[in-house]
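Visitor: how does the following fold in three dimensions:
(one chain, ligands or ions: 1)
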Amino acid sequence: MNIYFCGSIRGGREDVNIYQRIVKKLQQYGKVLTEHVSYDSLSEKGEDAVLDGDKAIHDRDVEWLMMSDVIVAEVTQPSLGVGYELGRAVAANKRVFCLFRPSSGKVLSAMIRGASTNSLFQVQDYTEDEVESILEKYFDSIKN
Ligand SMILES: O=c1[nH]c(=O)n([C@H]2C[C@H](O)[C@@H](COP(=O)(O)O)O2)cc1CO
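Guide: Numbers count the residues shown, from 1 in each chain. Reported below is the predicted structural model:
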């Protein structure tokens, strides 16, 4: 199974430790195409896109998104890129699972929470300690 993980990069790297836990867990279920999103070494400047710049990042990521069987997004730290990826995923009828931590004090965008109208697009509130078990439940539920 190809899994696309979305997490904030230029939107801010505050949650990188939780991205690492998510990616590690996701790797039990399939190939995570966007493992780099969880790298400590990746700053909020983004990837070193020396040759083709942001267009190369965009085009590669959209290609990976289209190749994915499921998209998992940590949406607590607001990110334009993650919002865009989720919009593209919905337009392509992809299976999407969004994770949000209310303990952050933030309120999730209505354009994400409000998109959760069927089982293909799910938004799950969670606390940091339960992130692995939440993912286990989700992947159990989409088996078959
Ligand atoms: O360098 C990058 N590499 C990359 O893969 N992305 C993608 C993957 C992330 O899920 C998302 C983050 O968007 P943003 O940088 O706007 O927070 O965009 C985004 C950037 C920088 O915008």
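
Visitor: which non-adjacent residue is nearest Met66?
Guide: Ala92 (6.3 Å; CB to CB, 6 or more residues apart in numbering). For the C-beta atoms, the positions are set from N, CA and C on the backbone; glycine is no exception.

Visitor: which parts of the protein sit against the ligand?
Guide: Selection of the chain residues close to the ligand by CB under 6 Å from any ligand atom yields 6-11, 34, 37, 46-47, 57, 61, 79-82, 85.

Visitor: buried sites along stretch 22-34?
Guide: Counting neighbours by 16 or more other CB atoms under 10 Å, one finds that the buried residues in stretch 22-34 are 22-23, 25-26, 29, 32-34.

Visitor: what of stretch 81-98?
Guide: Buried residues in stretch 81-98 (16+ other CB under 10 Å): 81-83, 85-86, 89, 94-98.

Visitor: picking up where we left off before, hang on, isn't the residue nearest to Met66 packed against Leu65?
Guide: Yes. Counting by CB atoms under 8 Å, Ala92 touches Leu65, with 7.3 Å between them.

Visitor: the residue lying closest to Cys6 once chain neighbours are set aside: how many residues sit nearby?
Guide: Nearest non-adjacent residue to Cys6, counting by CB to CB, 6+ apart: Ala73, 3.8 Å away. By the criterion of other CB atoms under 10 Å, Ala73 has 25 neighbours.

Visitor: before we move on, back to that, from Leu120, how far off is the residue nearest to Met66?
Guide: Ala92 sits 11 Å away from Leu120, going by CB to CB, to the nearest Å.

Visitor: next one: phi and psi at the nearest residue to Glu47 once chain neighbours are set aside?
Guide: Of all residues not flanking Glu47 in the chain, Ile57 sits nearest, at 6.0 Å (CB to CB, 6+ apart). Note on Ile57: its backbone torsions stand at phi -60, psi -50 [degrees, to the nearest 10].

Visitor: number of residues surrounding Ile57?
Guide: 15.

Visitor: run a quick check on it versus Gly46, I expect a contact.
Guide: Yes. With contact defined as CB under 8 Å, Ile57 reaches Gly46; the gap is 7.1 Å.
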